[in-house]
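S.K.: Sharing a sequence plus its predicted fold:
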Amino acid sequence: MKDMYIPLDAIWLRNGEIVDFSMDLHPAVPGEEIPIFRPIEPADAVIKVKQGFIMAHHLRIGLPVDIRIDRKGALR
């Protein structure tokens, strides 16, 4: 992923529900082609989180996700 500097997990969503995960994504190695990450199922949104977040929070396919952003722009 371009401009990614730390390992991440990605939570792929469709209509507010988790449809796929991409875990343990690592930054591109200088001089190598930038990897492209895609979900197996069609998705309309992705949330990038700290590496290990998916396992630590026991997320699973099919869980609904309610994203709330406060007035300062922070996710809640």
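M.R.: Ah, there it is.
S.K.: need the helices for this structure, in chain order.
M.R.: Under the criterion DSSP state H, helices of the chain are mapped to 53-56.
S.K.: what residue lies at the spatial centre of it?
M.R.: Against the mean C-alpha coordinate of the chain, by Cα atoms, centre = their mean, the closest residue is residue 10 at 1.7 Å.
S.K.: For the nearest residue to it once chain neighbours are set aside, give me its contacts.
M.R.: Spatial nearest neighbour of residue 10, chain neighbours left out: residue 22 (4.1 Å); criterion: Cβ to Cβ, 6 or more residues apart in numbering. Bear in mind the C-beta positions are built from the backbone N, C-alpha and C, glycine included. Listed by Cβ atoms under 8 Å, 6 or more residues apart in numbering, the contact set of residue 22 reads 9-10, 12, 37, 39.
S.K.: and the residues you listed as CSV, adding distance to residue 71?
M.R.: Below are the contacts of residue 22 laid out as CSV (distance: Cβ to Cβ, whole Å):
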residue, distance to residue 71
9, 27
10, 26
12, 27
37, 31
39, 31
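S.K.: Buried members of those residues into PyMOL, please.
M.R.: Selection of buried members from the contacts of residue 22 for PyMOL, criterion 16 or more other Cβ atoms under 10 Å:
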select buried, resi 9+10+12+39
